[in-house]
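following is a predicted model, sequence given first.
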Amino acid sequence: MKMCMAANWKMFKTRGEAVQTVKELLKRLDYSPPQDREVLIIPPFTAISTISPLIKDFSGFSLGAQNFYPADQGAYTGEISPNMLLDLDCQYALAGHSERRHIFQESDDLIGAKVKFGLKKGLKMILCIGETLEERKADQIETVLQRQLEKGLQNISEKNIQNNLCIAYEPVWAIGTGEVAGPKDIEEAHAYVRGRLKSVFPQEGDQVRILYGGSVKTDNCSEIIAIDKVNGLLIGGAGLQADSFSQIITAAAS
Ligand code: PGA
């Protein structure tokens, strides 16, 4: 299974800035990421079509979207559909990122509907889950992860997820704060998620990549990817610059 190194650019970068970053990233990686790694760029919607032609001739690079609405088309002002993303050669999409859950009040049910619809349309879905600091302090990590997984994956059959589903464990208190979960915390959370996945999807549960996200930087990525239950990283701040993102992509586990 290839490790997925994903950069979520959130609401950063104009088209010109995006082009500059991608060109520099390609150059730094010599137009080819390490064999065992997949590089996923998740820009704002406005930069997807600009980046798409820059990476399409190089293997190991993919494009993702940060969000969509679970319908083919319709009167949904301000929204974007999976068809529109597929039309731009976008293969992946996020659902359930903590900023969507907390700033935009997305419910577990809406997130579940997005995962189901995205998979049905042929997008590879990355379902983000993770506990807040209060939930952590109240010893509710597993309860929260269980609920977010159950609701996020409701009504999804095993055959729909083949190579098409990733989970990103992102403790909310670690996102954009500089606080990183310790190796033991990450290992325990990932082991819990893997166990749940295997019980819901006995055939495919082992193949679902589980990424870690939350203040991943050049100086902590080697330690995080050395945890054998970590199958990739979801990177915010450090994924915005070609320099730091390329160092993370090529980092050796240690
Ligand atoms: P961060 O963001 O790396 O800046 O903490 C991670 C994320 O939001 O996915």
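It's in.

tell me the helices and strands packed up against the top helix by length along the chain.
If you go by DSSP state H, the chain has its longest helix at helix 183-200. On a contact count with 3 or more CB pairs under 8 Å, 6 or more residues apart in numbering; DSSP states H and E, helix 183-200 meets helix 141-152, strand 165-169, strand 209-213, helix 221-225. (Each C-beta comes from the backbone N, C-alpha and C, glycine too.)

now the ones you listed as a markdown table including distance to Ala75?
Rendered in a markdown table, the data for the helices and strands packed on helix 183-200 read as follows (distance: least, CB to CB, whole Å):
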| stretch | distance to Ala75 |
| --- | --- |
| helix 141-152 | 26 |
| strand 165-169 | 30 |
| strand 209-213 | 34 |
| helix 221-225 | 43 |
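
distance to the ligand and mean pLDDT for those - can I get that in CSV?
Supplementary listing: the helices and strands packed on helix 183-200 in CSV, determined by distance: least, CB to the nearest ligand atom, whole Å; pLDDT from 0 to 100:
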stretch, distance to the ligand, mean pLDDT
helix 141-152, 15, 97
strand 165-169, 7, 98
strand 209-213, 4, 97
helix 221-225, 10, 96
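
tell me how far stretch 98-110 lies from the chain's centre.
Per CA atoms, centre = their mean, to the nearest Å, the displacement of stretch 98-110 from the mean C-alpha position of its chain is 15 Å.

now that stretch: buried residues?
Of all the residues in stretch 98-110, those buried under the rule 16 or more other CB atoms under 10 Å are Ser98, Glu99, Arg100, Arg101, Glu106, Asp108, Leu110.

in this structure the fifth one contacts Arg100, no?
Yes: using CB atoms under 8 Å, Glu106 makes contact with Arg100 at a distance of 4.6 Å.

which neighbours do these two share?
Any residue near both Glu106 and Arg100 by CB atoms under 8 Å, 6 or more residues apart in numbering counts here, and not one turns up.

kindly report the residues of the stretch 1-150 of the chain close to the ligand.
Where proximity means CB under 6 Å from any ligand atom, the interface of the stretch 1-150 of the chain facing the ligand comprises Asn8.

could I get the pLDDT score of the closest residue to the ligand within the stretch 101-250 of the chain?
With CB to the nearest ligand atom as the measure, Gly236 is the residue of the stretch 101-250 of the chain nearest to the ligand, at 2.2 Å. Confidence per residue is given as pLDDT, and for Gly236 that number is 97.

ok, now which ones touch it?
For Gly236, the set of contacting residues under the criterion of CB under 8 Å, 6+ apart consists of Ala7, Asn8, Lys10, Ile175, Gly176, Gly213, Val216.

pLDDT wise, what is the closest residue to the fourth one other than its chain neighbours at?
The shortest distance from Ile175 to any residue that is not its chain neighbour, by CB to CB, 6 or more residues apart in numbering, is 5.0 Å, and that residue is Gly214. pLDDT, Gly214: 95.

surely Gly214 meets Gly178?
No: under the criterion of CB under 8 Å, Gly214 is not in contact with Gly178, lying 9.8 Å apart.

and these two? which has more neighbours close in?
Set Gly214 next to Gly178 and count neighbours by other CB atoms under 10 Å: Gly214 wins out with 26 against 9.

quick one, what contacts that one?
By CB under 8 Å, 6+ apart, the neighbours of Gly214 are Gly130, Glu170, Pro171, Trp173, Ala174, Ile175, Thr177, Glu179, Val180, Ala181.

between the residues you listed, which sits nearest Leu153?
Distance from Leu153 was checked for each of the contacts of Gly214 by CB to CB. The minimum falls on Gly130, at 15.3 Å.

next, count neighbours for that closest one.
27.

distance of it from Tyr76?
For Gly130, the distance to Tyr76 equals 27 Å [CB to CB, to the nearest Å].

against the centre of this protein, work out the most remote residue.
Summary for the chain: using CA atoms, centre = their mean, the residue whose C-alpha lies farthest from the chain's mean C-alpha position is Ala75, with a distance of 27.9 Å.
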